[in-house]
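Novice: how would this look folded up:
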Amino acid sequence: MRLYLFDVDETLECSGGPIKLNSLVVLRNEGHILGLCGNFAMVTLHIANWHHLFSLIGPMSMSKTDFMRNVRQHVPADDYIMVGNILGVSGASDDSGAAGEAGWRFIKESDFAQGAS
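Specialist: As a prediction, this is how the structure comes out:
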């Protein structure tokens with residue numbers, strides 16, 4: 001079982017990104033854990049039944065790096081993957097850097113949309 005955290009802005013289709021929500025439903029149905037690590041309000045305020053898809057939302061009042069470290073410490077999984085942006089390349093947030101600092105594997109949003117997992 002893998003644990004995926006997704007940035008929202010410029011990552012998910014609901015906020016200008018290439019990742020379709022249907023692809024996340026497939027992951028969830030395969031038994032993986034999905035969470036949000038970014039502008040979660042864009043999802044919670046605009047997508048009905050978001051809570052059936054995502055188990056975790058954050059980072060709330062902490063950095064993305066700290067959120068990922070806390071999740072890894074308290075939620076068991078076989079692999080921890082952050083899907084999001086590379087600052088200045090594909091978006092305005094440094095999801096790649098945060099994932100690296102937290103010890104998570106990183107997948108660029110466009111690569112994930114094309115099938116990387």
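
Novice: For the rest of this, base every contact and every neighbour count on C-alpha atoms.
Specialist: OK.

Novice: what element comes up after the longest helix anywhere in the chain heading to the C-terminus?
Specialist: Ranked by residue count and defined by DSSP state H, the top helix of the chain is helix 64-74. Once helix 64-74 ends, the next helix or strand along the chain (criterion: DSSP states H and E) is strand 79-84.

Novice: How far does that following strand sit from its chain's centre?
Specialist: Centroid separation for strand 79-84 versus its chain: 6 Å, with Cα atoms, centre = their mean, to the nearest Å.

Novice: neighbouring contacts of it?
Specialist: The contact list for strand 79-84, computed with Cα atoms under 8 Å, 6 or more residues apart in numbering, reads 1-8, 10-11, 72, 95-96, 99, 104-109, 112.

Novice: Now, the residues you listed that are in helices?
Specialist: With helices defined by DSSP H, the entries of the contacts of strand 79-84 inside them are 72, 95-96, 99, 109, 112.

Novice: Pretty sure residue 44 sits against residue 50.
Specialist: Yes - taking contact to mean Cα atoms under 8 Å, the distance of 6.1 Å between residue 44 and residue 50 places them in contact.

Novice: Just say helix, strand or coil for residue 60.
Specialist: Remark: residue 60 carries the secondary structure label coil [criterion: DSSP: H, G, I helix; E, B strand; the rest coil].
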